[in-house]
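K.L.:
attaching a predicted model along with its sequence, questions to come.
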Amino acid sequence: MSDLYTELLVKKEKTPKDSLIKYGLIALTAICAFAALFIHFLFLIGVVLLAVADYFIIPKTDLEYEYLFVNGEFDIDMIMSQQKRKKVCSFSLKESEIAAPLKSHRLDYYNNNQNMKVMDYSSGNPEHEQFAVITRVNEETCKVIIEPDQDLKDKMKKTAPGKVFLD
């Protein structure tokens, strides 16, 4: 029997908020450096703090999500600035409650649950078809939003035909 295996890379689209954060931090760092040179040396503390913030925050404005699907097991990694990789989510499709398009009527019951944690690992483009997978992650029921291609949808349907809906 062959394994059901697929990989998919989804690039998160940049929002105006991402650009504002990125360029705002850079500008603030430059202003603090200028102030440290010409006004008072204590602005160097601000330069150091902002440089550390730049190092940790700016890579998170350029994200890609990699989906790895092997025999019903989903692993989602976040790739920041095409350099750093971090595993953000793992779950079993067989143990999930339901997987359906985000706008499907089958998710009406779950969409009304205000206590459910939403984990969005899609591009953020509303024109692309997004799927919601209702599953348990770290002992908490979550709605995991993904953006599968046709191959991934077909393999999800083969793995858990009673839980995956394509309508």
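P.N.:
Structure received. Numbering: from 1, shown residues only.

K.L.:
list the contacts for the residue nearest the centre of the chain?
P.N.:
The centroid of the chain falls nearest to residue 121 when counting by Cα atoms, centre = their mean (3.0 Å). Residue 121 makes contacts with 10, 65, 67, 76, 78, 88-89, 144-147, as judged by Cβ atoms under 8 Å, 6 or more residues apart in numbering. In short, each C-beta sits where N, CA and C put it, glycine included.

K.L.:
got phi/psi on it?
P.N.:
Main-chain torsions, residue 121, degrees, to the nearest 10: phi -120, psi 40.

K.L.:
what's the pLDDT at it?
P.N.:
We have a pLDDT of 92 for residue 121.

K.L.:
skipping adjacent residues, who's closest to it in space?
P.N.:
In this structure, residue 121 finds its nearest non-sequential neighbour in residue 65, 4.6 Å apart by Cβ to Cβ, 6 or more residues apart in numbering.

K.L.:
surely the one you found is within a strand?
P.N.:
Yes: counting by DSSP: H, G, I helix; E, B strand; the rest coil, residue 65 is found in a strand.
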